[in-house]
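**Q** Sequence below, structure please.
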Amino acid sequence: MYRKIFENSRILLRAAILTGIILSSFFLGFSLAALLQMSDRIISGVWCSIAAVVVFDDLLENAKTLMKDRLLGTFTGALLTAAFSALLQPILIAIALALLAVCILIIYFEWKGALKIACITVLIIGISPIQGINGGIWSAAFMRFIESALGGFVAIGATVVQDKVKSFQPLRSWQLQVYRTYLRMRR
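**A** Alright, predicted model coming up:
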C-alpha cells in the first residue's frame, strides 16, 4: 500500500511540475510577443508551451538531447520555409520544396530527432496567417525559433528542479508519515 501512495505522490509531483512548465512557458512566449508587438501572441505562447512539453523529461541528459533536436529542427524548418516562401509563389510550391530540402538536409547530417520537428515547423510557418505582411514570414520564423529556445530552457530548468526534489530526503520521510497516518486511520 505504501508503494501505491508513494507512486501517487510522484505522479502528483510530476503533474504539478508539468502544469507549472506549461503555464510559465506560455506566459514567457505570450509576453515576448507582446513586448515585440507581434500580432500572434497566443500562437507564441502555445508554441513556447509545446516546446517545453516536448523537451521536459525525467533525465537531464534526455532533456538536453530533446532540446538540441527541437532547436535544430525548428531552426532548419523555419529558415528554409522563410527562404523558399520569400523566393517562390504559390505558397504550396514553396512549402513542398522547403519540406524536401529539410528532409534532405536533416537526413544528410543525421540529425535523427530533428526531422519531425523540422517538418512540422515548415508546415506551421508556411501556412502562417501573417505570411504576406511585410517580412511577416521572417519574423514568424524568428519567433518560432526563439519560442522553442525559451520553452526548452524552461523545461531544462524544471528537469533540474524535479531531480532535486526527488532526492530531497525530508519529502520521503513526509511520505512515510502520511502512510503511517493512513494505516492508523484504517484501524
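**Q** Check which helix or strand residue 38 maps to.
**A** Assigned by DSSP states H and E, residue 38 belongs to no helix or strand.
**Q** ok, it - contacts?
**A** Counting by CB atoms under 8 Å, 6 or more residues apart in numbering, residue 38 touches 44, 139, 143. Using the backbone N, CA and C atoms, a C-beta is placed for each residue, glycine as well.
**Q** out of those, who has the most neighbours?
**A** Among those, residue 44 has the most neighbours (other CB atoms under 10 Å), with 26 neighbours.
**Q** Quickly name whichever of the contacts of residue 38 is closest to residue 86.
**A** Comparing the contacts of residue 38 against residue 86 with CB to CB places residue 139 closest, at 12.0 Å.
**Q** Could you list every helix and strand in contact with the helix or strand where residue 17 lies?
**A** In the assignment (DSSP H and E), residue 17 maps to helix 2-35. In terms of contacts (3 or more CB pairs under 8 Å, 6 or more residues apart in numbering; DSSP states H and E), helix 2-35 is packed against helix 41-55, helix 136-166, helix 169-186.
**Q** which one of those helices lies closest to residue 104?
**A** Nearest to residue 104, of all these, is helix 136-166, at 18.9 Å by CB to CB.
**Q** Return the set of buried residues in the closest one.
**A** Neighbour counts over helix 136-166 (16 or more other CB atoms under 10 Å) mark 136-141, 143-156, 158-159, 162 as buried.
**Q** Mind giving me the packing neighbours of it?
**A** helix 2-35, helix 41-55, helix 60-87, helix 115-126.
**Q** Please name whichever of these is nearest to residue 181.
**A** Set against residue 181 and scored by CB to CB, the helices and strands packed on helix 136-166 come closest in helix 2-35, at 10.4 Å.
**Q** in that closest one, what counts as buried?
**A** So for helix 2-35, counting by 16+ other CB under 10 Å, buried means 9, 17-18, 21-22, 24-26, 28-30, 32-33.
**Q** Find the residue closest to the residue nearest to the spatial centre of the chain in space, skipping its chain neighbours.
**A** Centroid-nearest residue in the chain, with CA atoms, centre = their mean: residue 51, separated by 1.1 Å. Leaving out its chain neighbours, the residue that sits closest to residue 51 by CB to CB, 6 or more residues apart in numbering is residue 151, at 2.9 Å.
**Q** now residue 126
**A** The spatially closest residue to residue 126, leaving aside those adjacent along the chain, is residue 95, at 4.0 Å (CB to CB, 6+ apart).
**Q** do you know how far the one you found is from residue 85?
**A** Counting by CB to CB, to the nearest Å, the gap from residue 95 to residue 85 is 8 Å.
**Q** So between those two, which is more surrounded?
**A** Using other CB under 10 Å, the more surrounded residue of residue 95 and residue 85 is residue 85, with 26 against 19.
**Q** Give me the distance between the more buried one and residue 25.
**A** Note on residue 85: its distance to residue 25, by CB to CB, is 27 Å.
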